[in-house]
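Engineer: Need the 3D shape of this:
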Amino acid sequence: MFFAACYVLMFFYGLSSTSYNNDEYFYLLMGREILNGKTPYVDFFSAHMPLMLYPVAASFRLFGGSVAAGKLIPLISSIFVLVFTYLSGEKIKEGVGTYAALLLFLSPMFQLYSHALYGVALASAFITGAIYFHLSQRKTLSGVFCILSLFTRLNTIPFVLGLLVLNLRDRRFHNGLLYASPLFLLLLVPNFIEDTVLYHLIRLPHGLVYKIKAIYSLLAGQWLPIILAGACFVRCRRERTVRELGIVLGLFFLMTVFSKSLFDFYFYVGLPVVSVVAGYLVSLMSSYRRHMSVLAVLWITLNAATISASYTSNNSLEPLVSYVSAEVEGGNLFCMSLWCPYILFKSGSAVSGDLLDMADPRIEVFPERVAEKLFNAVSEDNRMALVDLKEINMYQKKFNVNTSKTVDYMLQHYFPVLYSNSIYNFGEEQNWWGSLNHVVFFKPSAEIESGAQIIEGNRKSTHYFLEEYMLLDVDLNEVRTSYVRNVSGLDDATPFIPKQLMGDNAFNMTLLSPKAIRWPLTLGTHYVVEEDGLRYYVYVSQHVSDTVNLFVITRSGDDILAFSQLTYDVVGEDFIEVRVYSKLSERILTGYAPTYFQRKISPAEYERLNTV
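Structural biologist: Numbering: from 1, shown residues only. Have a look, this model is predicted:
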């Protein structure tokens, strides 16, 4: 009863948790698209197997299109994982199932991924069921469950191969594989093989450091059942059942570790078997139960904070979601940002084109296809475009995606109306570390009304400052390091940034020229100014009463070097705010740093600039 109560608690906390990775919202969006009549692989790209996606759509059909409805799939699947783990243990020896299920339930990895929508819980339910049916000599069902696991997640392949080796001469197992074989008709679906199989073979492999981190994540949280399972394999290696589970588990770990990609959740599928073997050892060591209890208490204590953190909700992007929801109203949203899946799903916006899954691996494997998809999407009838300037640079430089057509079309047919720091400050303070991701919101130019002309004011102090605004190569305290320097030294712009962090094209360039401002300004218009090899895309819009916003995007070829916002006071005839965000180097980190932020420049401050 206590065990059941703990699971019920985990279930309801898991339903409300939104703390994990943004990738979950890829799968939620895919489920929503399927519910809307679209077909994976045909209407949108998906590198994931169908049984990972269609259950989400079914849950949406039954319970509504919410995050909680999507999370029902892993939460319900985890019940079956625990049940099959218990039954498998009981098949070995009475009492083993209880220890096995308890060890699994207390594992941090089980607690996290049992309410995270990664498909591993459902895949684990199928493969643990296949192992249970194998142990209970119901080999036909074992074969059926093997195929079901394959069409949920491909990282169950090692278990399927292991069970196939153990049942090479068992016709019942082969019949089970045959009964589930109609699923292989999915191979005939256009793009299915390319998107799900070839994609994983072509993509760049994870580096050694990345893999070591994934293995460390496994060992750090699950060290107790792993140590117990290892000891059991040594002590009970002559017992047939333990030997069989050792073969399957050994094959799984070898193939998983040496696969091209390795995430910590890949190991989730093997945890039930590890727990069964560990539980068997515990049942044999009755004289050491007290020592085992001390180890268990230590294990639980060390993992308590990790488990608790996996159920913490995070609503930090809600201001962005609220803004998009109000502006898009369920229409198409063209989105190029790390957080697009979250924003698209939570705001109820329709996905523009085939931009549902824009994770890095898809871009690196299919750069030409992605370039075409981006242009097709941006030229659709969109209510808004949400663009992270960092993403554009990264696509171009890191993945060799030709974004020129997309950017040209966007700058000609869309109008920037807001950037993310206007509604949400990504850092606790306005510093460049907290503002690396600059999301700019664009609306179709046709929706922007042209208004009155704004005559040039009498005070020119801001213009003089703009002539002085450059990224300077200076010697700071005689240290031979080049710095980008905000020459004003005022307000909360970044005073010094090492040159090594800045983009090559952005260094020692006039990123905001006074010639970019054409008087008189006309509200709702945009134009392009070319000077010294740079192109300034200038957009003029009403900000609030008596103030005008100028958005300036500074571009050199395909590079967006800077993004600036100027606020002009029509009554005072002066600029009351100037912000400049300069491009950082892709060699170290991508994004934009606020190299200048000034609220007002008086004539006295201009004199100070001349002194500098």
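Engineer: where does this protein have its least confident helix or strand?
Structural biologist: Ranked by mean pLDDT, DSSP states H and E, the weakest helix or strand in the chain is helix 461-468, scoring a mean of 50.
Engineer: which stretches of this structure have low pLDDT?
Structural biologist: Across the chain, the ranges flagged by pLDDT under 70 are 1-21, 287-292, 306-307, 309-316, 420-437, 458-502, 504-509, 543, 586-590, 596-612.
Engineer: Would you tell me which helix is longest in it?
Structural biologist: With secondary structure taken from DSSP state H, the chain has its longest helix at helix 208-235.
Engineer: Taking helix 208-235 as reference, get the angle to the next helix or strand along the chain from that one.
Structural biologist: The helix or strand immediately downstream of helix 208-235 is helix 240-257, counting by DSSP states H and E. Comparing the axes of helix 240-257 and helix 208-235 via axes from the mean of the first three to the mean of the last three Cα atoms, to 10 degrees yields an angle of 170 degrees.
Engineer: Any buried residues in helix 240-257, and which?
Structural biologist: The neighbour-count check on helix 240-257 (16 or more other Cβ atoms under 10 Å) flags T241, V242, E244, L245, G246, V248, L249, L251, F252, F253, T256 as buried. Backbone N, C-alpha and C define where each C-beta goes, glycine included.
Engineer: In TSV, list the residues you listed along with distance to I448.
Structural biologist: Shown next, in TSV, are the buried residues of helix 240-257 (distance: Cβ to Cβ, whole Å):
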residue	distance to I448
T241	71
V242	71
E244	69
L245	66
G246	67
V248	62
L249	61
L251	61
F252	57
F253	58
T256	53
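Engineer: Checking P594 next. Helix, strand or coil?
Structural biologist: Three-state call for P594 (DSSP: H, G, I helix; E, B strand; the rest coil): strand.
Engineer: Just list whatever residues bridge to it.
Structural biologist: Judged by DSSP bridges, the bridge partners of P594 are Y581.
Engineer: burial of it, as a residue count?
Structural biologist: When counting by other Cβ atoms under 10 Å, one arrives at 22 neighbours for P594.
Engineer: and the longest helix of the chain, how far from the chain's centre?
Structural biologist: Put simply, helix 208-235 sits 26 Å off its chain's centre (Cα atoms, centre = their mean, to the nearest Å).
Engineer: got it, and stretch 363-381?
Structural biologist: Here stretch 363-381 is found 19 Å from its chain centre; the criterion is Cα atoms, centre = their mean.
Engineer: ditto for stretch 176-184
Structural biologist: Chain-centre distance of stretch 176-184: 34 Å, with Cα atoms, centre = their mean.
Engineer: before we move on, what about stretch 574-587?
Structural biologist: The answer for stretch 574-587 is 26 Å, by Cα atoms, centre = their mean.
Engineer: Likewise for stretch 114-131?
Structural biologist: Remark: stretch 114-131 is offset 21 Å from the chain centroid, using Cα atoms, centre = their mean.
Engineer: Counting neighbours, which bits of it end up buried?
Structural biologist: Buried-residue list, stretch 114-131, by 16+ other Cβ under 10 Å: 114-131.
Engineer: repeat for stretch 206-225
Structural biologist: Within stretch 206-225, the residues scored as buried using 16+ other Cβ under 10 Å are K211, A214, S217, L218, G221, Q222, L224, P225.
Engineer: For that stretch, output the C-alpha coordinates as PDB.
Structural biologist: Provided in PDB are the C-alpha atoms of stretch 206-225 (Å, rounded to 0.1, in the frame of the first residue of the first chain):
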ATOM      1  CA  HIS A 206      28.800  12.400 -30.200                       C
ATOM      2  CA  GLY A 207      32.300  13.000 -28.900                       C
ATOM      3  CA  LEU A 208      34.000  11.000 -26.200                       C
ATOM      4  CA  VAL A 209      33.500  13.700 -23.600                       C
ATOM      5  CA  TYR A 210      29.700  13.800 -24.300                       C
ATOM      6  CA  LYS A 211      29.500  10.100 -23.900                       C
ATOM      7  CA  ILE A 212      31.500  10.100 -20.700                       C
ATOM      8  CA  LYS A 213      29.000  12.600 -19.300                       C
ATOM      9  CA  ALA A 214      26.100  10.400 -20.200                       C
ATOM     10  CA  ILE A 215      27.700   7.300 -18.600                       C
ATOM     11  CA  TYR A 216      28.600   9.400 -15.500                       C
ATOM     12  CA  SER A 217      24.900  10.500 -15.300                       C
ATOM     13  CA  LEU A 218      23.900   6.800 -15.200                       C
ATOM     14  CA  LEU A 219      26.500   5.800 -12.600                       C
ATOM     15  CA  ALA A 220      26.000   8.800 -10.400                       C
ATOM     16  CA  GLY A 221      22.300   8.200  -9.700                       C
ATOM     17  CA  GLN A 222      22.000   4.400 -10.200                       C
ATOM     18  CA  TRP A 223      25.200   3.200  -8.500                       C
ATOM     19  CA  LEU A 224      23.500   0.900  -6.000                       C
ATOM     20  CA  PRO A 225      21.500  -1.300  -8.400                       C
END
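Engineer: Give me the contacts around it.
Structural biologist: By Cβ atoms under 8 Å, 6 or more residues apart in numbering, the residues outside stretch 206-225 that reach it are 103-104, 107-109, 226, 257, 260-264, 266-267, 271, 274-275, 278, 295-296, 299, 303, 306.
Engineer: likewise stretch 184-199?
Structural biologist: By Cβ under 8 Å, 6+ apart, stretch 184-199 touches 39, 41-42, 45-50, 151, 154, 361-362, 365-366.
Engineer: how far is it from where the chain is centred?
Structural biologist: Put simply, stretch 184-199 sits 24 Å off its chain's centre (Cα atoms, centre = their mean).
Engineer: Export it to PDB, keeping only CA atoms.
Structural biologist: Only the C-alpha atoms of stretch 184-199 are listed here, as PDB (Å, rounded to 0.1, in the frame of the first residue of the first chain):
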ATOM      1  CA  PHE A 184       7.100  -3.200 -41.300                       C
ATOM      2  CA  LEU A 185       4.700  -1.900 -44.000                       C
ATOM      3  CA  LEU A 186       5.600   1.500 -42.600                       C
ATOM      4  CA  LEU A 187       8.900   1.100 -44.500                       C
ATOM      5  CA  LEU A 188       6.800   1.900 -47.600                       C
ATOM      6  CA  VAL A 189       5.800   5.300 -46.300                       C
ATOM      7  CA  PRO A 190       7.600   8.100 -48.200                       C
ATOM      8  CA  ASN A 191      10.700   9.400 -46.300                       C
ATOM      9  CA  PHE A 192      10.200   6.900 -43.400                       C
ATOM     10  CA  ILE A 193      13.600   5.100 -43.900                       C
ATOM     11  CA  GLU A 194      15.500   8.300 -44.700                       C
ATOM     12  CA  ASP A 195      14.100  10.200 -41.700                       C
ATOM     13  CA  THR A 196      14.300   7.400 -39.100                       C
ATOM     14  CA  VAL A 197      17.100   5.000 -40.100                       C
ATOM     15  CA  LEU A 198      19.500   6.800 -42.500                       C
ATOM     16  CA  TYR A 199      19.200  10.000 -40.400                       C
END
